[in-house]
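Chemist: Next one to model:
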Amino acid sequence: MQLLQELMDVRKALAAQKVLLDELVKTSAVPYIDRLPNELLAEIFLLLKDDVDERTSLASVSRRWRAVLISIPSMWSKFDLDAEYDCPAKLLELYLKRSRRAPLTILIGSILPELDVILPHANRWHTLRIVDYTSETLEIITHITFPSLQHLLLYGGGLSLDDVLTMRSWAPALKHLELEEWEPPLRRPLCQIIPAESLEELSITSGGHDWKFKQDSMHFPLLRRLELHIGDPIPFLEAIVAPKLASFCFTPDLHIEPISKTFAGTRMKFNNVSHLALSSAYVVDQETLVLVELLCQIFCGIRHADVHMDYVSMLFTRFGQCPIDHWTCIESLDIQSLTLGSAEPFRELLSWFEKRRRFGQKKLHLKLTGQHVTDELVMLNTSDTLFRKLQDCCASVVLDCILVSPEMYLPTSAGSLLSSCSAVNL
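Modeler: This is a model prediction of the structure:
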């Protein structure tokens, strides 16, 4: 009996020790984030590299995090030179040292003495965004060559491009150019100002100005994407020669003169353009609708289209040939900023899709993108006959940022898909 009692005491002691050890493990357990190897932790930090303020917060968490952050050059390669960001010259020098040889991203919003600290590293400038004091900044930097500069945004604020020094002289490797609020040049051809021979992406935003040039006078041999936010894009499209252009994005702007109703180029000029995005302005008038119809004819080889809801009634008319019928190779369609206050857009879409099915045309992939959720909650009843018919006519239907009735469930037999979105209720 005594031996049995001793054995039971030992077991009790072991059980007590196990409980104690479990408690110690729980209290001293290493957090999961600290179990990650430095390489994986660095990849997580890189997701926040565009947030200049966040890197300082991360560096104050622990010695290990600080060491990992300092070891990542690209975490220290973005600089905001703006009056709102007080960054002393010595701190900029420290960040430049940490960035080592990483390409630099520079945002200039005011003329600060700190610009002199970064200019000696001109060979590493990769992205430059000048959002204010543009004229003064250009006077300083255009006498320096930036051999690695590939992305450039210039805010003009109503200035004329005639006053800009030829970009190829100081940005010879430029690939992506954004011109915001500039007046078109009058004294010099545009191609003498921008490096047209190296550009792959060009974006022009110009309120109320007409960009008219001689037909086929501007050659962009490498241009793949063109974005225009101007009143009348037709003269600009007539003026360019871009054999590799694959994507065109258009947002109508204010127009003083009447908009073009015809296109002087051939139907084959933009035959390689496979993506078209038609965004909306504040007010879509009749002239703009006519212009959009003309664009459908010009870009007849479209395979993927993003269309704002404001153009649905015109593009998908129920009678006769629709403007969108010019897209004989269309594969996918994204209707953007869809509102659910009326079923009319669905009826117009359905009518067009049913017509395609009757003629034996290939089913398309349809995406319906809603507006940002407001206080007025309008939900889509996915069991509605209209919506079911639309599903049957499409290869797939994707819903994005659209509220769905909680008692309904989207069937997948027709190839429909509900994208993950915090605003969607199932």
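Chemist: residue boundaries of the strands in the stretch 101-250 of the chain?
Modeler: Under the criterion DSSP state E, counting those that start in this stretch, strands of the stretch 101-250 of the chain are mapped to 104-108, 125-130, 151-155, 176-180, 201-205, 218-219, 225-229, 240-241, 247-250.
Chemist: Tell me which of the ones you listed lies nearest to D9.
Modeler: With CB to CB as the measure, strand 104-108 is the member of the strands of the stretch 101-250 of the chain nearest D9 (69.6 Å). (Glycine included, C-beta is placed from N, CA and C.)
Chemist: Need the CA coordinates for that closest one. CSV is fine.
Modeler: Only the C-alpha atoms of strand 104-108 are listed here, as CSV (Å, rounded to 0.1, in the frame of the first residue of the first chain):
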residue,chain,number,x,y,z
LEU,A,104,14.3,56.7,-56.0
THR,A,105,10.8,57.9,-56.0
ILE,A,106,10.5,61.7,-55.6
LEU,A,107,7.4,63.8,-54.9
ILE,A,108,7.9,67.6,-55.1
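Chemist: Now stretch 35-43: buried residues?
Modeler: L41, A42 (16 or more other CB atoms under 10 Å).
Chemist: so how far is it off the chain centroid?
Modeler: Relative to the chain's own centre, stretch 35-43 is displaced by 28 Å; criterion: CA atoms, centre = their mean, to the nearest Å.
Chemist: Name the residues that touch it?
Modeler: Here stretch 35-43 makes contact (CB atoms under 8 Å, 6 or more residues apart in numbering) with I33, I44, R64, W65, V68, S71, I72.
Chemist: again with stretch 143-159
Modeler: With contacts defined as CB under 8 Å, 6+ apart, stretch 143-159 is touched by 103, 119, 122-132, 134-135, 138, 164, 167, 169-183.
Chemist: what do you get if the cut-off is 6 Å, keeping everything else the same?
Modeler: The contact list for stretch 143-159 (CB atoms under 6 Å, 6 or more residues apart in numbering) reads 122-123, 125-131, 134, 170-171, 173-182.
Chemist: The protein: helices as residue ranges?
Modeler: Shown for the chain, the helices assigned by DSSP state H span residues 2-28, 32-35, 38-46, 52-59, 63-70, 89-99, 115-118, 134-141, 234-239, 286-298, 312-315, 344-358, 385-392.
Chemist: can I get those in TSV with distance to T266 and mean pLDDT?
Modeler: TSV is the format used below for the helices of the chain (distance: least, CB to CB, whole Å; pLDDT from 0 to 100):
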stretch	distance to T266	mean pLDDT
helix 2-28	75	73
helix 32-35	59	76
helix 38-46	47	89
helix 52-59	49	78
helix 63-70	55	90
helix 89-99	49	89
helix 115-118	47	89
helix 134-141	38	90
helix 234-239	11	94
helix 286-298	10	87
helix 312-315	23	84
helix 344-358	27	84
helix 385-392	36	84
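Chemist: which one of the ones you listed has the most crowded surroundings?
Modeler: Most buried of these by mean neighbour count (mean count of other CB atoms under 10 Å) is helix 234-239; its value is a mean of 20.
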